[in-house]
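1. Next one to model:
(2 chains)
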Protein chains: 2
Amino acid sequence: MTHGAKTPIEEERLDQTFAALSSSTRRAILARLVNGAATVNELAEPFDLTLPAVSKPIKVLEGAGLVRRGQAAQYRPCAIDAAPLSEVATWAEQYRSVWEDRLDRMTDYLTWLQTGGLPR
Amino acid sequence: MTHGAKTPIEEERLDQTFAALSSSTRRAILARLVNGAATVNELAEPFDLTLPAVSKPIKVLEGAGLVRRGQAAQYRPCAIDAAPLSEVATWAEQYRSVWEDRLDRMTDYLTWLQTGGLPR
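-> So this is what the prediction gives:
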């Protein structure tokens, strides 16, 4: 397994992306935005949040580059930018061999138990 | 796209996993552990950290279930548990269609803004 060497700036961006994703409200907002851009009002409704309360997670997502705001003065609609999520997927995929190996070892162990658990 | 409905406990675990991954030192410790279990001493060395300084990120990783400690009284070696990382990969993969469609969406969005950005 090779961990692609990352620059400090790339590391900092990953820090920010992971931090932004560490809240279920922020993840739910992203999930909502997959259906299309939405105004802050539209986002507040399903979450039963006041406008100031929904503005905070949106700002965090915006800071991490996961949400872009339109320029239309009145609405400034929010849209998802999934580019940082592709980086998260790539980063996590580096560990696939580790978690697959874990399942293999578990399967080996269960097979061993089923065959009577004799010394291997 | 369907976002697999998650229980509050699963959401909380994802919160914890993402929070644990939001530090480049903690990610570097995980990368090191892919090569095999290591004692706290062995982990401290490459990071040029004191024992107390390296113990803190290890505790955070342990709390998120990303690191398991052995029971050997003196050394208590640290090992990676990549299971939460497979959940991160699965979660991020849900957005693949979004980042792949990113250019299409951006075009749609710009067109929408050009037509006045009215609520749809």
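2. tell me the strands in chain A, going along the chain?
-> A:67-69, A:78-80 (DSSP state E).
3. what's the first one packed up against?
-> Here strand A:67-69 touches helix A:24-33, helix A:51-63, strand A:78-80, going by 3 or more CB pairs under 8 Å, 6 or more residues apart in numbering or on different chains; DSSP states H and E. C-beta: built from backbone N, CA, C; applies to glycine.
4. List the buried residues of the second one.
-> By 16 or more other CB atoms under 10 Å in any protein chain shown, the buried positions in helix A:51-63 come out as A:Val54, A:Pro57, A:Ile58, A:Val60, A:Leu61, A:Glu62.
5. Can you check the pLDDT for A:Lys56?
-> Per-residue confidence at A:Lys56 stands at 95 (pLDDT).
6. how about the lowest-mean-pLDDT helix or strand in chain A: buried residues?
-> Using mean pLDDT, DSSP states H and E, the weakest-scoring helix or strand in chain A turns out to be helix A:96-114, at a mean of 79. Under the neighbour-count criterion of 16+ other CB under 10 Å, helix A:96-114 has A:Val98, A:Trp99 buried.
7. What residues does the residue nearest the centre of chain A make contact with?
-> Centroid-nearest residue in chain A: A:Leu21, 4.9 Å away (criterion: CA atoms, centre = their mean). Taking CB atoms under 8 Å, 6 or more residues apart in numbering or on different chains as the contact definition, A:Leu21 lies against A:Arg27, A:Leu66, A:Val88, B:Leu14, B:Phe18.
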